[in-house]
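Trainee: What follows is a predicted structure for the sequence shown.
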Amino acid sequence: MKNPVPALIPFNKPFIIGKELQYIREAVRRRHLSGDGFFSRQCQSFFEQRYHFRKTLLTHSCTAALEMAALLLDIQADDEIIMPSFTFVSTANAFVLRGAVIRFADCLPHYPNIDPQSAEALINERTKAIVVVHYGGVACDMEALQALAQKYRLYLIEDAAHAIESFYKGKPLGGFGHLAAFSFHETKNIIAGEGGLLVINDEQLVARAEIIREKGTNRAAFFRGETDKYTWVDIGSSYLPSELIAAFLWGQLEHLESIQARRIALWNNYATALEDLRRKGVQFAEAATPPATLNGHLFYMLCNDVQERQSLIQYLKTQQIHAVFHYQSLHSSPYYLQQKSSNTPTYLPYSDMFSERLLRLPLFYGLKAKEQKWVIAAIKTFYE
């Protein structure tokens, strides 16, 4: 590469696009910072109206939303929960905290989403729920997974941390399961630093979700005038985010469409420019094909093996480019292996394959065209 090495190109860079700081000041002026104020309601209404979710509740993280899901479903010790091994630890922790036994399913061979056949093979009389993860914002096979949930009378939960503004057969992700969880962590498409959202699509779970989120009290009903006092009525915890988080988030949501357009354009730039490397054995994130859609959350490449990936990471560092690998298979994690319940077959070949070979490239709203061209040129140089 003949051009001088640029300043560091990070994997991710948080951004401000609109009135985020103005809205934070407005939240302070409103004298309500503790949560469930004006901006929280604005954000929740946005999701309910745009995606027709039955009920949404902002949380302080996607992890918190998943923990609320486990509480809502009354997960007990020895209940079994099926989920992909290729996911972030929060997906499992939310249910382990309730005493559940986790059964890990494998990925599909061509994409790191849960394989419905692998999931079905794990179902038994103790299975209570299937948790799916829409990796990279690309939908799992929701038709097959909904059919499994109905056939075996299981709860279906969507970990939609990556999946804002993604669809399957025209229906938004987060709208298929009984419950769903979204993330607004600074690495996501829409950010608030931290922050999450619990989606409740099952009418029977709505009232209790409000109680669990409010430390086990009926405070939300009290402020709507539905009871003359609020008190402790159930288990719960403090899952509300600050109004400062909600205010920042609202500033982002106002620009959702332009953010999405930019990320998808960056995704397509990578896909087009790196296509000729396929003949060298390198694979890339596949474009979402109908009935799924692309939301530009992340772009990954699959190196030929783990050694090649490490060499590429090191080379990119010399070119001031920060590229990172992703999840390590949870079924082979130190914590899981020491559990008595870890009798899931340890051979999940596709999960392990993605863990060893997948590398994520810089992709964020503020990535400049010249920076992306530098990343592309560096990868091509490495393979030459």
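Mentor: All right, it came through fine. Residues are numbered from 1 along each chain as shown.

Trainee: quick check, residue 128 in a strand?
Mentor: Yes. Residue state for residue 128 (DSSP: H, G, I helix; E, B strand; the rest coil) corresponds to a strand.

Trainee: looking at it, it is touching residue 73, isn't it?
Mentor: Yes. Checked against CB atoms under 8 Å, the pair residue 128 and residue 73 is within contact range at 6.8 Å. Placement of C-beta: from N, CA and C, glycine included.

Trainee: where do the contact lists of those two overlap?
Mentor: Counting by CB atoms under 8 Å, 6 or more residues apart in numbering, the residues touching both residue 128 and residue 73 are residue 155.

Trainee: can you pull out the helices in the chain?
Mentor: 20-29, 38-51, 62-72, 89-96, 116-120, 142-152, 206-213, 219-223, 243-253, 256-273, 306-318, 334-337, 349-357, 369-383 (DSSP state H).

Trainee: quick one: buried residues of the shortest one?
Mentor: Neighbour counts over helix 334-337 (16 or more other CB atoms under 10 Å) mark residue 336 as buried.

Trainee: same deal with the first one?
Mentor: Using 16+ other CB under 10 Å as the test for burial, helix 20-29 gives 20, 23-24, 27.

Trainee: quick one on the thing from earlier: going by mean pLDDT, which of the helices of the chain comes out lowest?
Mentor: When the helices of the chain are compared on average pLDDT, helix 219-223 comes out lowest at a mean of 82.

Trainee: Which neighbouring elements make contact with it?
Mentor: helix 206-213 (3 or more CB pairs under 8 Å, 6 or more residues apart in numbering; DSSP states H and E).

Trainee: Give me the contacts around the helix it packs on.
Mentor: 54-55, 57, 59, 68, 71-72, 198, 200, 217-218, 220-221, 233-237, 239-240.

Trainee: So among those residues, which ones count as buried?
Mentor: Counted by 16+ other CB under 10 Å, the contacts of helix 206-213 give 55, 57, 59, 68, 71-72, 198, 200, 217-218, 220-221, 236, 239-240 as buried.

Trainee: from those, which is closest to residue 367?
Mentor: Residue 367 lies nearest to residue 59 out of the buried ones among the contacts of helix 206-213, by CB to CB, at 28.5 Å.

Trainee: who touches that closest one in this structure?
Mentor: 65, 68, 181, 195-198, 213, 239-241.

Trainee: ok, now how distant is it from residue 322?
Mentor: 29 Å (CB to CB, to the nearest Å).

Trainee: Same check on residue 148?
Mentor: Separation of residue 148 from residue 322 (CB to CB) stands at 39 Å.

Trainee: Show me which of these two is the more surrounded one.
Mentor: Neighbour count, other CB atoms under 10 Å: between residue 148 and residue 322, residue 148 has more, with 19 against 16.

Trainee: Redo the buried residues of helix 20-29 as TSV? Include distance to residue 142.
Mentor: Supplementary listing: the buried residues of helix 20-29 in TSV, determined by distance: CB to CB, whole Å:
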residue	distance to residue 142
20	33
23	34
24	37
27	36
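
Trainee: and the two most separated of these?
Mentor: Across those, no pair lies farther apart than 20 and 27, at 10.8 Å, counting by CB to CB.

Trainee: Residues that sit against both of these two, list them.
Mentor: Common neighbours of residue 20 and residue 27 (CB under 8 Å, 6+ apart) are residue 247.

Trainee: Report the separation between the most centrally placed residue in the chain and residue 307.
Mentor: Nearest to the centroid of the C-alpha atoms of the chain, with distances taken as CA atoms, centre = their mean, sits residue 161, at 1.7 Å. Shown here: residue 161 relative to residue 307, a distance of 30 Å by CB to CB.

Trainee: how about the strands in the stretch 51-200 of the chain?
Mentor: Assigned by DSSP state E, counting those that start in this stretch, the strands in the stretch 51-200 of the chain fall at 55-59, 80-84, 101-105, 127-133, 155-159, 167-168, 171-172, 179-183, 196-200.

Trainee: so which pair among the contacts of residue 59 is furthest apart in space?
Mentor: Within the contacts of residue 59 (distances taken as CB to CB), the two that end up farthest apart are 181 and 240, at 15.2 Å.

Trainee: okay, now the nearest residue to residue 291 once chain neighbours are set aside: neighbour count?
Mentor: What sits nearest to residue 291 in space, not counting adjacent residues and going by CB to CB, 6 or more residues apart in numbering, is residue 169, at 4.1 Å. Other residues lying near residue 169 total 12 when counted by other CB under 10 Å.

Trainee: Enumerate every residue touching residue 169.
Mentor: Contacts for residue 169 were tallied using CB under 8 Å, 6+ apart; they are 142-143, 291.

Trainee: before we move on, what about residue 36?
Mentor: Contacts of residue 36 (CB under 8 Å, 6+ apart): 220, 240.

Trainee: how close does it sit to residue 245?
Mentor: 12 Å.

Trainee: for residue 178, same thing?
Mentor: 26 Å.

Trainee: With residue 134 instead?
Mentor: 23 Å.

Trainee: same thing with residue 370?
Mentor: Residue 370 is 33 Å from residue 245, by CB to CB.

Trainee: okay, the contacts of residue 169 in a markdown table with distance to residue 327 and neighbour count next?
Mentor: Output for these, formatted as a markdown table (distance: CB to CB, whole Å; neighbours: other CB atoms under 10 Å):
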| residue | distance to residue 327 | neighbour count |
| --- | --- | --- |
| 142 | 21 | 23 |
| 143 | 25 | 13 |
| 291 | 25 | 14 |
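
Trainee: Just name the closest of these to residue 110, please.
Mentor: Nearest member of those to residue 110, counting by CB to CB, is residue 291, at 15.9 Å.

Trainee: tell me the contacts of the closest one?
Mentor: 139, 168-170.

Trainee: Next, count neighbours for residue 39.
Mentor: Residue 39 has 27 neighbouring residues, counting by other CB under 10 Å.

Trainee: For it, which non-adjacent residue is spatially closest?
Mentor: Spatially, and ignoring its direct neighbours in sequence, residue 39 is nearest to residue 246 (3.8 Å; CB to CB, 6+ apart).
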